[in-house]
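Q: Predicted model follows, preceded by the sequence.
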Amino acid sequence: MKIAIIGQQDFGKGVLEAFLARGDEVAAVFCAPEKEGARPDVLRVAAQEKGLKVHQFKSLRAPEAVQAMQEANADIGIMAFVLQFAPQEFVNIPKCGTIQYHPSLLPKFRGPSSINWPIIKGETETGLTIFRPTDGLDEGAIVLQKKTPISADDTLGTIYFDRLFPMGVQAMVEAADLVVAGKHKEVVQDESQASYEGWCRGAEAKIDWAKPVDHVYNLIRGCNPAPGAWTTLNGKKLQIFDARKALFRRFADVTGKIGEVTAVTAQSFKVTVQGGTVEVLKAKFEDGKKLSGGEVAQSGGIAAGAILGS
């Protein structure tokens with residue numbers, strides 16, 4: 001088939017390579033322009049290395065973008081990790097329209113940080129959706145969905161890199177085949193089940209040690225590796241990545257105050273939270289390197305009795 005890819009970064013590159021590996025023709029690649037000083041977009045670089053026609057428009061609303069899509073004469077448009085708004089006059093140009101990837105089980109977790117939030121909110125399942133882009137945010141008809149469980153120890157990194165990334169690349173190819181062959185079904189999203197979550201950034205990643213242990217633990221793993229859950233020690237920012245949780249089974253098991261470091265070993269340090277402890281296995285100060293919890297404690301002066309969040 002003849003396709004036009006709209007996307008960026010590693011996921012866009014992965015999708016491009018999957019279609020090329022099958023012998024499909026890539027008529028055009030649309031990438032957002034890189035910001036000044038940013039690293040080169042790996043999708044753009046890969047496409048140019050393969051001699052493909054690459055477009056970088058500030059807006060896909062621009063008449064030049066519409067004209068470029070028309071000139072591509074593609075069978076289908078493939079939106080692979082797109083942060084630019086793509087209007088209907090753009091996405092409807094290919095003969096079979098356009099399909100888009102979203103890393104959640106729509107209509108749940110619409111929005112830009114849809115991998116973080118299911119983990120943070122303690123969901124036990126997530127997945128991906130291939131859908132028809134509309135002018136609404138992640139609201140179009142569903143073409144294909146794939147599910148994956150969220151285990152008690154999964155992080156943003158394991159969910160995305162181990163599952164949603166490779167599953168998503170293959171799902172885009174599968175959905176494109178179905179759509180071009182006219183064998184797909186489109187299911188309208190149930191708005192009564194819809195949820196929207198905004199960005200998961202620094203403000204959302206701040207740890208409140210007074211929250212229940214499950215809440216704190218889910219926040220840490222839902223922000224691992226990015227944006228990185230964080231706290232402070234004597235006003236200095238401390239990001240926490242790998243961790244383990246333990247519940248207080250009896251009142252006699254309770255040690256320390258909320259946010260207090262109760263034990264430090266060569267590998268980790270433990271912090272008291274509501275109903276249990278969080279053992280920090282990997283962390284970094286804002287001006288330091290990511291190290292084991294024990295190494296960070298030693299280099300940053302974290303000792304038993306220290307209160308985090310201060």
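A: Perfect, I can see it now. Numbers count the residues shown, from 1 in each chain.

Q: Give me the secondary structure label for the nearest residue to L106 once chain neighbours are set aside.
A: Spatial nearest neighbour of L106, excluding adjacent residues (CB to CB, 6 or more residues apart in numbering): T129 at 4.2 Å. Where C-beta positions appear, they are placed from N, C-alpha and C, glycine not excepted. Assigned state for T129: strand (three-state reduction, DSSP: H, G, I helix; E, B strand; the rest coil).

Q: Tell me the bridge partners for T129.
A: H102, Q145 (DSSP bridges).

Q: I'd say it and A141 touch.
A: No - between T129 and A141 there is no contact under CB atoms under 8 Å: 10.3 Å.

Q: The two - which one has more neighbours?
A: T129 (27 against 15; other CB atoms under 10 Å).

Q: give the contact list for that one.
A: Counting by CB atoms under 8 Å, 6 or more residues apart in numbering, T129 makes contact with 101-102, 104-106, 142, 144-145.

Q: Next, the contact list for the residue nearest the centre of the chain, please.
A: Central residue of the chain (CA atoms, centre = their mean): I115, 4.4 Å from the mean position. Counting by CB under 8 Å, 6+ apart, I115 makes contact with 103-104, 126, 156, 159-160, 164.

Q: Please apply the same query to A86.
A: 6, 60, 79, 98, 133.

Q: Could you say which helix or strand holds the closest residue in space to the fourth one that isn't next to it in sequence?
A: Meaning T98. Leaving aside its chain neighbours, T98 sits nearest to G77 (3.2 Å; criterion: CB to CB, 6+ apart). In the assignment (DSSP states H and E), G77 maps to strand 76-80.

Q: quick one: that strand to chain centroid distance?
A: Centroid separation for strand 76-80 versus its chain: 19 Å, with CA atoms, centre = their mean, to the nearest Å.

Q: Packing partners of that strand?
A: Using 3 or more CB pairs under 8 Å, 6 or more residues apart in numbering; DSSP states H and E as the contact test, the elements touching strand 76-80 are strand 2-7, helix 9-21, strand 98-102, helix 165-181.

Q: And for stretch 32-39, what's in contact with it?
A: Against stretch 32-39 from outside (CB under 8 Å, 6+ apart): 8, 40-41, 44, 56-58, 82-84.

Q: Take these and lay them out in CSV including secondary structure, pLDDT and neighbour count.
A: Output for the contacts of stretch 32-39, formatted as CSV (DSSP: H, G, I helix; E, B strand; the rest coil; pLDDT from 0 to 100; neighbours: other CB atoms under 10 Å):
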residue, secondary structure, pLDDT, neighbour count
Q8, coil, 95, 23
P40, coil, 96, 9
D41, coil, 97, 21
R44, helix, 98, 24
Q56, coil, 97, 14
F57, coil, 97, 18
K58, coil, 96, 11
V82, coil, 95, 24
L83, coil, 91, 9
Q84, coil, 94, 19
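
Q: nearest to N218, of those residues?
A: Taking CB to CB as the measure, N218 lies nearest L83 of the contacts of stretch 32-39, at 25.7 Å.

Q: Let me know the distance separating the residue nearest to the closest one when sequence neighbours are not counted from D208.
A: Leaving out its chain neighbours, the residue that sits closest to L83 by CB to CB, 6+ apart is A32, at 6.5 Å. According to CB to CB, to the nearest Å, A32 and D208 sit 35 Å apart.

Q: So the two - more neighbours on which side?
A: Using other CB under 10 Å, the more surrounded residue of A32 and D208 is A32, with 22 against 14.

Q: Is that one part of a helix or strand, or is it coil?
A: Relying on three-state DSSP, one would call A32 coil.

Q: quick one, strands of the stretch 101-250 of the chain?
A: Taking DSSP state E, counting those that start in this stretch as the test, the strands found in the stretch 101-250 of the chain are 125-131, 142-149, 229-233, 236-240, 243-247.

Q: Give me the angle between the longest one and strand 125-131.
A: Direction vectors for strand 142-149 and strand 125-131, defined by axes from the mean of the first three to the mean of the last three CA atoms, to 10 degrees, enclose an angle of 160 degrees.

Q: export strand 142-149 as PDB, just CAs?
A: Taking C-alpha atoms only, strand 142-149 is exported to PDB below (Å, rounded to 0.1, in the frame of the first residue of the first chain):
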ATOM      1  CA  ILE A 142     -12.300   2.900  17.300                       C
ATOM      2  CA  VAL A 143     -10.800   0.700  14.600                       C
ATOM      3  CA  LEU A 144      -8.700  -1.700  16.800                       C
ATOM      4  CA  GLN A 145      -7.700  -2.200  20.400                       C
ATOM      5  CA  LYS A 146      -5.200  -4.300  22.200                       C
ATOM      6  CA  LYS A 147      -5.000  -4.900  26.000                       C
ATOM      7  CA  THR A 148      -2.200  -5.600  28.400                       C
ATOM      8  CA  PRO A 149      -2.200  -6.200  32.200                       C
END
